[in-house]
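Novice: sequence below, structure please.
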Amino acid sequence: MMIFKTRIQSLKENALTWWRERSERERWILAVWSLALLGLLVWFGLLTPMQHRIGSLERRLPALESLLGKMRSSVAAGTHRSTSTRHDDGDLRGRLSGLLAERKLSAELKAISTTRVEMRLPEMPVAEAFTLLDLMRRESGARVVTLGIKAEPTAATLIRVVAELERR
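Specialist: Prediction:
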């Protein structure tokens with residue numbers, strides 16, 4: 001650790017000596033070029049990728065809002081269906097597992113209780129993820145209690161969904 005500190009100290013002293021050897025005009029030119037380089041790095045390294053990401057999210061927003069609207073409207077309509085249809089055969093985790101197996105799909109299911117399950121879907125396209133979640137919700141007679149969505153920065157069209165489903 002001490003060697004590291006002395007090495008940094010000697011580098012700092014060498015840099016200060018080099019800077020003092022420059023004329024006033026050279027210092028100004030170096031400062032201006034350094035600021036210009038820093039500005040370019042910030043623009044092309046941070047702002048431009050961030051603007052592209054915001055643009056892609058803004059383009060996806062209407063589709064996500066319409067899917068959310070469909071899910072909300074089907075929740076209101078599905079409440080009456082789920083009370084009239086018997087879905088209470090066994091625990092919710094077993095029911096969801098069976099539904100996934102029927103469709104040859106996979107998801108990580110974690111039973112919180114016999115009537116509440118956390119479901120983690122693998123990375124998949126947005127529409128596919130919401131369709132699967134809606135299908136699982138309708139077929140099991142459960143409601144979505146919490147919904148977490150994470151989009152990977154590298155894959156703009158793929159999302160990870162973590163949802164808690166509850167059946168009363």
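
Novice: so which residues make contact with the helix or strand containing Glu128?
Specialist: Here Glu128 sits within helix 126-140, counting by DSSP states H and E. Residues from elsewhere that reach helix 126-140 (CB atoms under 8 Å, 6 or more residues apart in numbering): 60, 63-64, 67-68, 70-71, 74-75, 78, 81, 87, 92, 95-96, 99-100, 105, 107, 119, 121, 124, 142-144, 147, 157, 159, 161, 163, 165, 167. Backbone N, C-alpha and C define where each C-beta goes, glycine included.

Novice: tell me the contacts of the nearest residue to Thr114 once chain neighbours are set aside?
Specialist: Nearest non-adjacent residue to Thr114, counting by CB to CB, 6 or more residues apart in numbering: Asp91, 4.2 Å away. Contact analysis of Asp91 by CB under 8 Å, 6+ apart lists 111, 114-115.

Novice: for Met124, same thing?
Specialist: 132, 158-159.

Novice: repeat that with 10 Å
Specialist: 105, 107, 130-132, 157-161 (CB atoms under 10 Å, 6 or more residues apart in numbering).

Novice: from the contacts of helix 126-140, which land in strands?
Specialist: Assigned to strands by DSSP state E, the following of the contacts of helix 126-140 qualify: 119, 124, 143-144, 147, 159, 161, 163, 165.
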